[in-house]
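Asker: Using only what follows, build the 3D model:
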Amino acid sequence: MTYFGPEFLVVFLPIVVLIYAVMPSKVRPYVLLAASYIFFYFTSEKLIVYLLISTVSIHHFGLWLDKLQTERKLALQGLTREEKKPVKKANDKKQNLVLAIAVVLHIGLLAVLKYTPFFTHNLNTILENFNVHVKEISFMVPLGISFYTLQAVSYMRDVRQGVIKADNSLPRLALYMSFFPQIMEGPIARYSDTAEALFSGNRIKYKNLVYGFERIIYGLFKKIIVADRLNGFVMNVFDDYEKFDGGIILLSAVFYTIELYMDFSAAMDVGIGIAQIFGVKLPENFRQPFFSKNISEFWSRWHITLGTWFRDYIYYPVSLSAFSKKLTAFGRKHLGNYFGPMLASTIALFCVWISNGLWHGSAWMYIFFGMYHFTLILLGNLFEPLSSKIYDKLHIDPNKAPVSLIRIALTSFLVVIGELFFRAHGLKEGFEMFGKIFTHFSLNGIKNGVIAKTGLDHLDIIVVIVSIAIVFVFSILKEKNLDIREKLAEMPIAVRWLILVGAIAVVIIFGAYGGEYAPVAPMYADF
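Answerer: Below is the predicted model:
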């Protein structure tokens, strides 16, 4: 069961909303909890045991940390400043050990489930020279495990840092971990973002119902009309790239980038819309990423909750560690105040991007994807002073429209190249496809009707172009902080509902259904 299937939209979701609405406020959180576990069971069946283990585990570790923090407060009472130091040190050591055990268990389980086949395959490649072979083992992996594992780690880390109190309620923590609109593809929420709202039993308000429904329709529009329509063409080209020239390959990389954005952002629209119906505000995961003027800005607008997770739980701890502080002091002394701190920040940035690559999957192409963006961001940081001097010398304002458009176009091109490697069936294939863009580039494939033969006829192209234009206009309005739903709410009710019914009709009529299309499964659910 997925967010875009009729069994979810027509059966499961309406039943959950109806039961939730008629139940007393005290019962409503348990309705959401039951619905979440039913949904997860339909997507992963017996693998639900991993979610249960993770939830019970972080509940236990959180209470353990809370107990140690209480012991610390009691032990410090009445002590002098000097007497407090060894007590704090001993207690911090215990808390750090508990946190380390908890993180290792959760990340370790994720690593074993996702990366054992990758590790054994590469080990066998090395051992071939010695006529040794290790049996390759693979595990069934529940959908969404990468998402709820990061939520579990953030909960434990925030308890350790005193950002939040450990939750005594196992059901509330279980709902935070399993809330069905986000369990499959995110967004990755912090405990402080959603836990209290999830368990408050909010009644369903008319405004939340309408706004949530509008967001769901918008998500369906992007997913069913655009992403699913592009998937057949993208799949055909990437599966048999040897048959196509560089022009078609570049076009397929562009289409895949659009497909990925439409699919993933659509899942966020549906998830956030469903949550809003229940009065829960999930964090936004996209902020018009293709208006970015450099790669660093792009990643502050794309998959925002993953980026902030890496920032808070990897980048900051690494860059603020004792070693990094010493390295920064050394760098300032020998390289100056700009390049000096970059030594430590580069190490932290590397840790973030190797983690980002591995988070997406167990293959060299994902590692390369991480290193590709690490390199681009690092180069941007290194050359920023030089580019600023060039702009100043040439009296160019980098934020003026013509220059901004060039920067946006260049950033988008670099993103497309990264996504080509991300989508390719392997690193070798990615380089071969990339090479053909420059060595065998031609527009003959586009002129000779190859697109139509590969999954997109003229009507499909028109529908895609119009749909992308609509999303582009909506994105411009959002970039200008214009709330479309607020404007819609100000219209007469007859006009408003006419627009909504029209939007539903557009999705139904122009959706990519039938044997000629290859609807894509939720793309980020496997990461």
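
Asker: if you average pLDDT over the longest helix along the chain, what comes out?
Answerer: Longest helix in the chain by number of residues (criterion: DSSP state H): helix 81-127. Within the predicted structure, the mean pLDDT of helix 81-127 is 91.

Asker: Could you list every helix and strand that it packs against?
Answerer: Identification of packing neighbours for helix 81-127 by 3 or more Cβ pairs under 8 Å, 6 or more residues apart in numbering; DSSP states H and E yields helix 48-76, helix 145-161. (Glycine included, C-beta is placed from N, CA and C.)

Asker: Tell me where the model's unsure across the stretch 151-300 of the chain.
Answerer: Of all residues in the stretch 151-300 of the chain, none has pLDDT under 70.

Asker: let's see 90
Answerer: Regions of the stretch 151-300 of the chain meeting the criterion pLDDT under 90 cover residues 186.

Asker: Can you name the residues in contact with stretch 56-72?
Answerer: 87-88, 91, 94-95, 98-99, 101-102, 105-106, 152, 155-156, 159-160, 162, 165-168, 170, 173, 177 (Cβ atoms under 8 Å, 6 or more residues apart in numbering).

Asker: Quick check: which of the helices and strands packed on helix 81-127 is nearest to Phe40?
Answerer: Go through the helices and strands packed on helix 81-127 one by one with Cβ to Cβ and the one that ends up closest to Phe40 is helix 48-76, at 5.4 Å.

Asker: Chain neighbours aside, what residue packs nearest to Ile390?
Answerer: Leaving aside its chain neighbours, Ile390 sits nearest to Ile396 (7.8 Å; criterion: Cβ to Cβ, 6 or more residues apart in numbering).

Asker: Check the gap between that neighbour and Gly455 for me.
Answerer: Between Ile396 and Gly455 the distance is 43 Å, computed by Cβ to Cβ, to the nearest Å.

Asker: what about the two, which has more around it?
Answerer: Applying other Cβ atoms under 10 Å to Ile396 and Gly455 shows that Gly455 carries more neighbours, namely 20 against 12.

Asker: Just to check, that one is in contact with Asp228?
Answerer: No: shown here, Gly455 and Asp228 do not form a contact pair, counting by Cβ atoms under 8 Å, at 11.0 Å.

Asker: which residues do those two both contact?
Answerer: In the contact map built from Cβ under 8 Å, 6+ apart, the residues linked to both Gly455 and Asp228 are 517-518.

Asker: Quick one: end-to-end length of stretch 435-444, please.
Answerer: In terms of Cα to Cα, to the nearest Å, the two terminal residues of stretch 435-444 are separated by 18 Å.

Asker: Just put the helices and strands packed on helix 81-127 in a markdown table and tack on distance to Gly357.
Answerer: Rendered in a markdown table, the data for the helices and strands packed on helix 81-127 read as follows (distance: least, Cβ to Cβ, whole Å):
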| stretch | distance to Gly357 |
| --- | --- |
| helix 48-76 | 23 |
| helix 145-161 | 13 |
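
Asker: Just name the most buried of those helices.
Answerer: For the helices and strands packed on helix 81-127, ranked by mean neighbour count under the definition mean count of other Cβ atoms under 10 Å, the leader is helix 145-161 at a mean of 23.
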